[in-house]
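Visitor: Below are the sequence and a predicted model; questions follow.
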Amino acid sequence: MSKLHTVLQIVMGWEDYHLHLFTFGGRSYGVPDPDYPDELQPLDQTEFTLDQALGSLRSFNYNYDFGDDWHHSITVEKVLAADTEVRWPRCIAGRNACPPEDVGGAYGYADYLAAIADPSNENHKHMIEWRGEGFDPKAFDPIVVSQKLVAVEL
């Protein structure tokens with residue numbers, strides 16, 4: 001499942017700065033932290049495949065950055081036989097840019113979008129300096145995402 005985490009990070013445009021957790025039917029998988037008590041430890045994601053964790057389920061949750069608290073519900077719609085002529089995985093569709101890393105969750109993202117869109121906003125200059133100019137919340141290019149996926153050894 002570490003590979004799935006890598007794929008999700010690439011698709012979302014994040015940099016893997018934060019902890020994450022997969023939840024499949026009440027069982028949690030992630031990166032165990034030696035500073036946490038055993039009863040709070042997730043199962044080690046490196047010891048399980050997606051197929052093992054998913055079992056007969058067709059959906060699961062992915063939580064990234066426990067401070068910003070990005071929750072994703074993922075549903076497996078169809079499983080196809082792999083085409084040996086195609087490098088997998090690849091992105092075939094998508095919509096909108098991902099919120100920037102460390103933007104402050106859903107409310108922080110809304111504030112960020114308001115600030116960058118309005119030069120008179122008191123936070124405009126700070127947000128532009130923080131992330132740079134040119135963030136387009138509607139931008140998404142599946143070809144670019146696929147190129148990034150191909151470039152990573154999975």
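Guide: That came through fine.

Visitor: And the longest helix anywhere in the chain, what does it pack against?
Guide: Determined from DSSP state H, the single longest helix within the chain is helix 105-117. In terms of contacts (3 or more C-beta pairs under 8 Å, 6 or more residues apart in numbering; DSSP states H and E), helix 105-117 is packed against helix 124-131. (Each C-beta comes from the backbone N, C-alpha and C, glycine too.)

Visitor: Try it again at 10 Å.
Guide: Where contact means 3 or more C-beta pairs under 10 Å, 6 or more residues apart in numbering; DSSP states H and E, helix 105-117 is packed against strand 70-75, helix 124-131.

Visitor: which residues touch the first one?
Guide: When you say that, I think you mean strand 70-75. Contact with strand 70-75 is made by 4, 8, 12, 14, 18, 20-23, 54, 57-64, 98-99, 103, 105-106, 109, as judged by C-beta atoms under 10 Å, 6 or more residues apart in numbering.

Visitor: and stretch 24-33, average pLDDT?
Guide: Averaged across stretch 24-33, pLDDT comes to 94.

Visitor: what's next to it, contact-wise?
Guide: Contacts of stretch 24-33 (C-beta under 10 Å, 6+ apart): 1-2, 4-5, 19-23, 38, 40-48, 50, 52-57, 59-63.

Visitor: Export that stretch to CSV, keeping only CA atoms.
Guide: Only the C-alpha atoms of stretch 24-33 are listed here, as CSV (Å, rounded to 0.1, in the frame of the first residue of the first chain):
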residue,chain,number,x,y,z
PHE,A,24,-10.5,-0.3,5.2
GLY,A,25,-13.7,-1.5,7.1
GLY,A,26,-12.4,-0.4,10.5
ARG,A,27,-8.8,-1.5,10.1
SER,A,28,-6.2,1.2,9.8
TYR,A,29,-2.9,1.0,7.8
GLY,A,30,-0.1,3.4,7.7
VAL,A,31,3.4,4.0,9.0
PRO,A,32,3.8,2.9,12.6
ASP,A,33,5.2,5.5,14.9
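
Visitor: Out of the contacts of strand 70-75, which end up buried?
Guide: Buried subset of the contacts of strand 70-75 (neighbour count, 16 or more other C-beta atoms under 10 Å): 4, 8, 12, 14, 20-23, 54, 60, 62-64, 98-99, 103, 109.

Visitor: domain assignment for this structure?
Guide: 2-93+140-151, 97-138 (automatic domain parsing).

Visitor: just how off-centre is the first one within its chain?
Guide: Going back to what we said before, that points to domain 2-93+140-151. 7 Å (C-alpha atoms, centre = their mean, to the nearest Å).
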